[in-house]
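Participant: Give me the fold of what follows.
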Amino acid sequence: MLRDNSIPAAAHDSYETESYKSSCLEGTRTQHINDITAWTTRINQSSQHRLLWMWGPAGVGKSAIAKSCAEKTAKQLRLGASFFFSRTQHVDDPKRFFTTIARQLVQKVDEYR
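Facilitator: Predicted structure coming up:
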């Protein structure tokens with residue numbers, strides 16, 4: 001049921017994702033990436049905010065930073081799931097957001113399966 005109601009191309013490491021979402025160039029935006037990935041480990045250690053909202057005008061690189069952060073946390077085995085919306089690639093159905101996240105989690109965490 002999750003497979004039929006999810007969007008595999010929304011994941012940060014989806015083959016299809018590579019064609020429309022690129023990460024930051026090596027050595028760029030490192031402070032933002034380090035701050036955000038460090039935040040992912042602190043949320044369980046204190047009363048830190050549990051939601052990080054990155055905002056800015058179109059084209060400033062929010063998606064590239066998010067993808068770089070997803071790649072870094074995935075390499076550290078700390079990423080549960082990711083979802084990258086894209087109108088041009090038809091990865092834009094909000095009704096499939098939670099089922100896509102759930103599908104990625106059950107694929108990675110045996111207890112959720």
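Participant: Check the secondary structure at the residue nearest the centre of the chain for me.
Facilitator: The centre of the chain sits closest to residue 82, judged by C-alpha atoms, centre = their mean, with a distance of 3.2 Å. What DSSP: H, G, I helix; E, B strand; the rest coil gives for residue 82 is coil.
Participant: Contacts only, for it.
Facilitator: Contact partners of residue 82, counting by C-beta atoms under 8 Å, 6 or more residues apart in numbering, are 10-13, 70, 74, 104. The way it works is simple: take the backbone N, C-alpha and C, and place the C-beta from them, glycine included.
Participant: go with 6 Å
Facilitator: Residues near residue 82 by C-beta atoms under 6 Å, 6 or more residues apart in numbering: 11-12, 70.
Participant: Also residue 68?
Facilitator: 23-24, 33.
Participant: repeat that for 8 Å
Facilitator: Counting by C-beta under 8 Å, 6+ apart, the residues that residue 68 touches are 23-24, 29, 33.
Participant: And residue 24, by the same measure?
Facilitator: By C-beta under 8 Å, 6+ apart, the residues touching residue 24 are 33, 61, 64-65, 67-68.
Participant: Ok, residue 62 next?
Facilitator: With C-beta under 8 Å, 6+ apart, residue 62 has these contacts: 54-56.
Participant: Sketch out the low-pLDDT regions of this protein for me.
Facilitator: Within the chain, the ranges that satisfy pLDDT under 70 run 15-21, 43-48.
Participant: Let's see that with 90 instead.
Facilitator: Within the chain, the stretches with pLDDT under 90 are 1-3, 12-28, 39-53, 58-59, 78, 85-90, 112-113.
Participant: for it, what spans make up the helices?
Facilitator: 15-18, 30-42, 62-75, 97-108 (DSSP state H).
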